[in-house]
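1. Please find the sequence and the predicted model below.
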Amino acid sequence: MALFDSHCHLNDEKFDNDRDVIIKEIYEAGVSNFIVVGYDLESSKKAISIAQKYDFIYATVGISPNDIPHSEEELWKLLVEIGDLAKNCGKVVAIGEIGLDYYWNSDNKDIQKSAFIKQIELANNLDLPIVIHTRDAVMDTVQILKDNNVKCKGVFHCCPQNRELIKEGLKLGFYISFAGPITFKNSKNADEVINLVPNDKILIETDSPYLAPEPVRGTRNTSVNVKFIAEKIANTKGLSFEEVANFTEENANMIFKINK
Ligand code: NI
């Protein structure tokens, strides 16, 4: 049995002092694969350099909706660099995280949308899936996915517990990745949304160092804790922990085209 953390930020500066120690801990805890996700140019480069050191670690590159520069010109320049990174480094398995976030940034919706669309085109050109971050922007996100064919599909990361988004995402052929919030005691509809997603569309993730799940909520999160997400899904669906570990690993290998 092995666990696959489909989304973490081991590239975060919170790991700068003990990254290799943490990676060893994660591996020894039975997390056999994980993906380090970029969100701007710097973090994308860092994700790649971590992935290049270890064969069980993969990277994504992209500009997140919360890291969009002010001018379009600057954005296009950045996206050329992101494209070069994706092309030239063997460990890049997706473009992401990309999407829309009107919770943190509601005054630059137009440029957020063009960055999202441009990066979908980039993913299509490179035959890569996308990792989507969306917050308070369900309608626009779904509209963009309907208007722009995403060739290799992708993943809704840390899926907000929004029924409509999950239903639309599944209809469009996307995977749904669950994170710490489904374990929170005040989470309103976790069981309902978990049951909405068929087993062959579920991924698990930590989004570490953020969003540590129960029972370690509030601590610096690492991929070791992805087991708590699997456990919550197993309990909710009446499955064994092993079953959830197995199908989430298979699903991740499938969508990120990782051949073992
Ligand atoms: Ni993230």
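-> Cool, got the structure. Numbering: from 1, shown residues only.
2. For stretch 182-197, the averaged confidence score.
-> On average, the pLDDT along stretch 182-197 is 92.
3. Compute the first-to-last residue distance for it.
-> Length of stretch 182-197, first residue to last, C-alpha to C-alpha, to the nearest Å: 13 Å.
4. Can you give the distance of it from its chain's centre?
-> Between the centre of stretch 182-197 and the centre of its host chain there is 18 Å, according to C-alpha atoms, centre = their mean, to the nearest Å.
5. ok, residues contacting it?
-> Contacts with stretch 182-197, where a contact means C-beta atoms under 8 Å, 6 or more residues apart in numbering, come from 159, 161-163, 166-167, 170, 176, 178, 181, 213-214, 217, 228-229, 232-233, 236-237. In short, each C-beta sits where N, CA and C put it, glycine included.
6. cutoff 10 Å now
-> 156, 158-163, 165-167, 169-170, 175-178, 180-181, 202-204, 211-217, 225, 228-229, 231-233, 235-237 (C-beta atoms under 10 Å, 6 or more residues apart in numbering).
7. wait, what's in contact with the residue nearest to residue 101 when sequence neighbours are not counted?
-> Nearest non-adjacent residue to residue 101, counting by C-beta to C-beta, 6 or more residues apart in numbering: residue 65, 4.1 Å away. By C-beta under 10 Å, 6+ apart, residue 65 lies in contact with 39, 97-105, 108-109, 111-113, 115-116, 132-135, 137, 141.
8. do that again at 6 Å, thanks
-> Contacts for residue 65 (C-beta atoms under 6 Å, 6 or more residues apart in numbering) come out as 99, 100, 101, 112.
9. And the strands in the stretch 101-250 of the chain, which stretches?
-> 130-135, 154-156, 175-178, 202-204 (DSSP state E, counting those that start in this stretch).
10. CA-only coordinates of the first one in PDB, if you can.
-> Right, strand 130-135. In PDB, the C-alpha atoms belonging to strand 130-135 read as follows (Å, rounded to 0.1, in the frame of the first residue of the first chain):
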ATOM      1  CA  ILE A 130      -4.000  21.300 -15.300                       C
ATOM      2  CA  VAL A 131      -4.300  21.800 -11.500                       C
ATOM      3  CA  ILE A 132      -7.100  24.200 -10.800                       C
ATOM      4  CA  HIS A 133      -7.400  26.600  -7.800                       C
ATOM      5  CA  THR A 134     -10.700  28.300  -7.600                       C
ATOM      6  CA  ARG A 135     -12.200  30.400  -4.800                       C
END
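11. for it, packing partners?
-> Where contact means 3 or more C-beta pairs under 6 Å, 6 or more residues apart in numbering; DSSP states H and E, strand 130-135 is packed against strand 92-101, strand 154-156.
12. What strands flank that strand, and is each parallel or antiparallel?
-> Looking at strand 130-135 with DSSP bridges, its partner strands are strand 92-101 (parallel), strand 154-156 (parallel).
13. Let me know which of those strands is the nearest to residue 244.
-> strand 154-156 (16.7 Å; C-beta to C-beta).
14. ok now that closest one, how far from the chain's centre?
-> Relative to the mean C-alpha coordinate of its chain, strand 154-156 is positioned 7 Å out (C-alpha atoms, centre = their mean).
15. hmm, back to that, of the contacts of stretch 182-197, which belong to helices?
-> Under the assignment DSSP state H, the contacts of stretch 182-197 contribute 163, 165-167, 169-170, 228-229, 231-233, 235-237 to helices.
16. how about those in a markdown table, adding neighbour count, pLDDT and distance to residue 49?
-> Converted to a markdown table, the ones in helices among the contacts of stretch 182-197 look like this (neighbours: other C-beta atoms under 10 Å; pLDDT from 0 to 100; distance: C-beta to C-beta, whole Å):
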| residue | neighbour count | pLDDT | distance to residue 49 |
| --- | --- | --- | --- |
| 163 | 11 | 88 | 39 |
| 165 | 22 | 91 | 33 |
| 166 | 22 | 94 | 34 |
| 167 | 14 | 94 | 38 |
| 169 | 26 | 95 | 31 |
| 170 | 16 | 96 | 35 |
| 228 | 21 | 97 | 29 |
| 229 | 26 | 97 | 27 |
| 231 | 17 | 98 | 32 |
| 232 | 23 | 97 | 33 |
| 233 | 26 | 97 | 32 |
| 235 | 14 | 97 | 37 |
| 236 | 16 | 97 | 37 |
| 237 | 16 | 98 | 38 |
